[in-house]
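> how would this look folded up:
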Amino acid sequence: MHPVYPPKVILASTSHYRKELLDKLKIPFQQLDPDYEECDQPGESPLQKASRSALGKAQSIITANKVDPPFVVIASDQVAHMDDMRFGKPGHAEEASRQLAVCSDNWVSFTTAICLINDSGRIKQAIESFKVLFRPLEQEEIETYLDIDQPFDCAGSIKAESLGISLLQDCHGRDINTLYGLPLMLLQETLAQLGWPLSTLR
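Numbering: from 1, shown residues only. Next up, the predicted model:
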């Protein structure tokens, strides 16, 4: 039996992008910084990497913070990839330009994993992908886009919720929020599986 009061919802991220996404669900939550170092492992697929990192972020919150029950920690991790070629956060214009040149005229998947852990230690993980088709991009167009949007902290060097949408010509997936970094349809389904439909969290 759940207590009559809702759990604290903790977003294991300090990202303002993910905060804006979770705000859409109109539930109270707090953000905590996960003490987790993201890294690649040899032979790991993009799906495996996203799932492992989401789990690591969620577990780090519970390890490093004293949070009184009841609570539910939400963590996510996104990997942009074309088959097994990954596109991380570029960090600077040169790498972003290289990534977009590779993505030009190609389908790219944005795979986002979520991990939820509650105060009893129950873990629920899920994963979803959203695919986009980049238009053929000229170098001058790439440079202009990067000057305006500066997506250097975004996987795949694109802010699709901003001017980055102009670089695309097609897409495939059920929830565009997956592309933005937090699949909200999948999240609400997973919360319900833990026994916390959105109506109980408000």
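> give me the residue at the spatial middle of the protein.
residue 181 (2.8 Å; CA atoms, centre = their mean).
> pLDDT at it, what is it?
pLDDT, residue 181: 95.
> what about stretch 56-74, distance to the chain center?
With CA atoms, centre = their mean, to the nearest Å as the basis, stretch 56-74 stands 18 Å off its chain's centre.
> what does stretch 130-150 give?
Distance, stretch centre to chain centre, for stretch 130-150: 21 Å (CA atoms, centre = their mean).
> swap in stretch 19-33?
Remark: stretch 19-33 is offset 13 Å from the chain centroid, using CA atoms, centre = their mean.
> in it, what's buried?
Neighbour-count burial for stretch 19-33, counted by 16 or more other CB atoms under 10 Å, picks out 21, 22, 25, 27, 29, 32. For the C-beta atoms, the positions are set from N, CA and C on the backbone; glycine is no exception.
> how about the helices in this structure?
Secondary structure of the chain by DSSP state H: the helices cover 16-23, 46-64, 93-103, 139-149, 177-180, 184-193.
> got the contact list for the closest residue to residue 38 other than its chain neighbours?
Using CB to CB, 6 or more residues apart in numbering and skipping residues adjacent in sequence, the residue nearest residue 38 is residue 53, 5.5 Å away. Residue 53 is in contact with 36, 38, 77, 113, counting by CB atoms under 8 Å, 6 or more residues apart in numbering.
> can I get those in JSON lines with distance to residue 140?
Listed next are those as JSON lines, based on distance: CB to CB, whole Å:
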{"residue": "36", "distance to residue 140": "39"}
{"residue": "38", "distance to residue 140": "33"}
{"residue": "77", "distance to residue 140": "33"}
{"residue": "113", "distance to residue 140": "36"}
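> nearest to residue 159 among those?
Within those, proximity to residue 159 (CB to CB) peaks at residue 77, which comes in at 18.0 Å.
> tell me, how many neighbours does the closest one end up with?
27 (other CB atoms under 10 Å).
> quick check: the gap between it and residue 27.
For residue 77, the distance to residue 27 equals 21 Å [CB to CB, to the nearest Å].
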